[in-house]
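In: For reference, the sequence and a predicted model appear below.
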Amino acid sequence: MKFLRKMGEYLGGIEFSAGYRWQHWIRAISIFALIATGFYIANPYITYGTASATPTRFLQAGFREWHIIFGFAMIGAVLYKTIYFFFFKEAKGERVSIKDAFNVKMALQQVGYYLLISKHPHTKGVYNPLQFWAYAMLYVFFYGIIITGLALYAEVYHNGLGGMLYPFAKAVENIFGGLAYVRLWHHIFMWAIIIVVFIHIYMAVYNAVFGKNGGMDAIFSGMKWEKEEH
Amino acid sequence: MLDINKVKERIESLKKLPSLGRKSVKEILEENGFSRRDFLKWSGALAVSLGLPATFAPVVADAAEVSNRLPVVWLHLAECTGCSESLLRTDTPTIDDLIFNYISLEYHDTIMAAAGWQAEENFEEALKKFKGRYVLCVEGGVPTKDGGDFLTIGPDAETGLSKLKRTAKDAAAIIAVGTCSSFGGIQAAYPNPTGAKGIHKVLNKQVINVPGCPPSAKNIVGTIVYVILFGQLPAVDNFNRPKFAYGMRIHDLCERRGHFDAGEFVEEFGSQEAMDGFCLYKKGCKGPYTFNNCSRERFNQHTSWPVQAGHGCIGCSEPDFWDSMAPYEEPLANHKFESINADATADKIGITILTLAGVAVAAHVAISAIKPPKE
C-alpha cells in the first residue's frame, strides 16, 4: 500500500486501484441483474394472460438479452480480476495470501476471531485463510457458471461468437452429460454464488463496524486508513 | 464431396446383388395406395432432410428401391419393443414405415415367422451368409452387471451382452435404434439395478445412435438410406446422433417459439392460453435441451407431434432423459434432487442454506453487539 496522505494519527493509501474498483462493481451489479433475469429464464414469473393482437411482444427475449449483456459484463470483470490476481504488481499482497492459506494455525485463529474468543491473526497477505478459500471457491463457481453459460449461449446463438464457441459448447455438453445437466449446473452455481455473496456482504459490513479503519470505504474511494504506529 | 455419379455407381452395383425381399418397393407402395408421384415427393423430402440437394431426389428413390439388398439383423435387448411396434403397428403406414418393413429384416424377433430353434438357426445362418455385409440394428439397452446375466436370450440362455458383441463383430454398420440402445433408456435410469448401458459403451466399433422413445421412422429410414447411398455412416454430433436429424434443438424450430420469446406461457393445461397455442415451457417442455427434428418432421405423415398436440417435449432423445428431464410437467428448474422427502429442488436447497446462513448471521450480530470481537 502506497502511503499518500496523513490525517491526524492516520496514514491513508491506495488500497484498491480504479480498475479494481470498477471490476468489483461491474461484477456486483451484474450478479444481481443476472440473478433477477436468471430466475425469470428458469421459470418465467411474469406471463401474459391473453394473446397479443400483433406479434410484437418480446418479454422473454428481453429478459434473455439483459441476461446475456450482464453475463458478458461479468465475464469481463472475472477475467480482469483473474489476470490481476496472477500478474498485476499491486496484487502482490493477494498472492502472498496463498502462503497464509495453508497455515492451519492461522486459519484456526481466524475461526476463533469470528467466534469472538481470540484476536485477529496477523496475516502476511491481504486475505485471511478463511477469506482466501471462500474467494477461491467463489472463482470455481464463477468459472463453472461462465463455462455452462457460454455453452447455453452457443446453443441459442449459432452465428458469430456463438458459432466460434459451438465446438466448445458441444464438449461442455459431453462433460455434463447433456444440455439439461448443463442448465441444472448453471442454476446450482448461481445458488453457490448467492450464498458466497451474502456472506461476503455480511463480513464486509462486520469488518466496517468493528475494524473502524474505513475498510468498506476503500471499495468506493480506493483509500484505506491505518494508524501511524502500525 | 457430394459426387452424384459415385452414388449412382454404388446403387448400380447394389442392384446387381440378389434381392432378399419378395416384392419390389413399387408393388408394395401401390398395394398401400401410394402413387409413384407420392414416392418421388417422399424421396425429395428425405433428400432435403438428409441435407442433400434436391437433385439427389431420384437417387434417394433408387436407394430406397434397392434397400432390400441390404440384409438387416435386428437384436432385441432390454427394451419394450416400442420402437419396432411404432413402425409396424400403424393403420395408416407412411412410406417410411413401408420402407422399414420392406428392408430385408433377416432376423427380427417380433416379425419373423420362425420361432424357437428355427429362429436361432436363422440367426446363425444370417451371420454366416452375410458376414461383413449386414447392418446391425439394436433395440434396447444392454445389462452389464454380473456379466450381463440380467438378460438372457434363447434356449442356450446366451446373455444379451455376449450376443450383441458376437453380432457386432461382423456387422458392416451398427445402428442403435431408440434411446435404450443409444443411452441405456429407462433400464439405465436411477438406480439402474442391472447396470444397463447404451450399446456403444460395450462395443469398440462406431455406433450410430438414433435415439427417441420411439424415434421417428424418418430418422431410422433416413440413416439406412444414407448408408445405402454413400456406403458409409452419416456425420454425427457429440452423442453420435446423425446431424441431419439431431443437429438442432426441438426449441429452435418449434412452432410455439414465438410465444416463448414473447413471454406468453401456458400456466394450466386446458386454459385459454393453452388453446391460444402459448409456449409450454412452464408446463415442463424440455424442447430447449433436446436435439431432434420432431418440430420439423413431426409424426404420422407430418400430421402432428407432442407440442402441437398440447404437451411439452419430454426430451426422449437425450442421454439419461428419465433422470435429467423429470418431472416432465414442470420446468427444469424444478428438477428434484435426492433428499429425505424427495422434493428438494435447487431453489429449495439454496433457500434453506441461505436461511441457515441468515440465522447464523443474526446470532453472530447479536453476540458481537454484546461482546465485540477482540482487536
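Out: Sure thing, it's come through.
In: show me what contacts the residue in the stretch 251-375 of chain B that chain A sits nearest to?
Out: At 2.7 Å from chain A, residue B:263 is the closest residue in the stretch 251-375 of chain B, using C-beta to the nearest C-beta. All C-beta spots, glycine's among them, are computed from the backbone N, C-alpha and C. Residue B:263 is in contact with A:44, A:46, A:47, A:48, A:57, A:58, A:59, A:60, A:61, A:62, A:63, counting by C-beta atoms under 8 Å, 6 or more residues apart in numbering or on different chains.
In: For ChimeraX, write the select line for the buried members of those residues.
Out: In ChimeraX, a selection of the buried entries from those looks like this (16 or more other C-beta atoms under 10 Å in any protein chain shown):
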select /A:44,47,48,57,59,60,63
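In: Adding pLDDT, distance to chain B and secondary structure, write the contacts of residue B:263 out as TSV.
Out: TSV is the format used below for the contacts of residue B:263 (pLDDT from 0 to 100; distance: C-beta to the nearest C-beta, whole Å; DSSP: H, G, I helix; E, B strand; the rest coil):
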residue	pLDDT	distance to chain B	secondary structure
A:44	94	6	coil
A:46	89	7	coil
A:47	84	4	coil
A:48	85	5	coil
A:57	88	4	coil
A:58	92	6	coil
A:59	94	3	helix
A:60	95	4	helix
A:61	95	4	helix
A:62	95	8	helix
A:63	97	8	helix
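In: Just name the closest of the contacts of residue B:263 to residue B:217, please.
Out: Checking the contacts of residue B:263 against residue B:217 with C-beta to C-beta, the nearest one is residue A:60 at 33.7 Å.
In: Mind splitting chain B into its structural domains?
Out: Domain ranges of chain B: B:4-246, B:250-334, B:341-375, per automatic domain parsing.
In: hmm, who's touching whichever strand or helix holds residue B:369?
Out: Secondary structure from DSSP states H and E places residue B:369 in helix B:346-370. Helix B:346-370 has contacts (C-beta under 8 Å, 6+ apart) with A:114, A:116, A:184, A:187-188, A:191, A:194-195, A:198-199, A:202, A:206, A:210, B:333, B:335, B:337, B:339.
In: So which of those residues sit within helices?
Out: Judged by DSSP state H, helices contain the following of the contacts of helix B:346-370: A:114, A:184, A:187, A:188, A:191, A:194, A:195, A:198, A:199, A:202, A:206, A:210.
In: and of the residues you listed, the nearest to chain B?
Out: residue A:191 (3.5 Å).
In: With residue B:231 as the reference, measure out to the closest one.
Out: Separation of residue A:191 from residue B:231 (C-beta to C-beta, to the nearest Å): 51 Å.
In: Comparing the two, which residue is more hemmed in?
Out: Here residue A:191 and residue B:231 are compared on neighbour count by other C-beta atoms under 10 Å in any protein chain shown; more neighbours surround residue A:191, at 18 against 14.
In: What helix or strand is the residue nearest the centre of chain A located in?
Out: Nearest to the mean C-alpha position of chain A, counting by C-alpha atoms, centre = their mean, stands residue A:27 at 5.9 Å. In this assignment (DSSP H and E), residue A:27 forms part of helix A:18-42.
In: Show me what that helix packs onto, helices and strands only.
Out: With contacts defined as 3 or more C-beta pairs under 8 Å, 6 or more residues apart in numbering or on different chains; DSSP states H and E, helix A:18-42 has these neighbours: helix A:59-87, helix A:179-211, helix A:218-221.
In: quick one, which of the ones you listed is nearest to residue A:106?
Out: Among those, helix A:179-211 comes nearest to residue A:106, with 16.8 Å by C-beta to C-beta.
In: Is that closest one positioned near chain B?
Out: Yes - judged by C-beta under 8 Å from any C-beta of the partner chain, helix A:179-211 and chain B are in contact via A:179-181, A:183-184, A:187-188, A:191, A:194-195, A:198-199, A:202, A:206, A:210.
In: Name the nearest residue to the residue nearest to the centre of chain A, ignoring sequence neighbours.
Out: Of all residues not flanking residue A:27 in the chain, residue A:77 sits nearest, at 4.0 Å (C-beta to C-beta, 6 or more residues apart in numbering or on different chains).
In: ok, now which ones touch that neighbour?
Out: Contacts of residue A:77 by C-beta under 8 Å, 6+ apart are A:23, A:24, A:26, A:27, A:30.
In: now those in CSV, with distance to residue B:121?
Out: Converted to CSV, the contacts of residue A:77 look like this (distance: C-beta to C-beta, whole Å):
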residue, distance to residue B:121
A:23, 74
A:24, 76
A:26, 73
A:27, 71
A:30, 69
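In: Specify which member of the residues you listed is nearest to residue B:137.
Out: Once C-beta to C-beta is applied, the member of those that ends up nearest residue B:137 is residue A:30, at 50.1 Å.
In: my guess is the closest one contacts residue A:68, does it?
Out: No - in this structure, residue A:30 is not within contact of residue A:68 by C-beta atoms under 8 Å, at 11.2 Å.
In: who has more neighbours, these two?
Out: residue A:30 (20 against 17).
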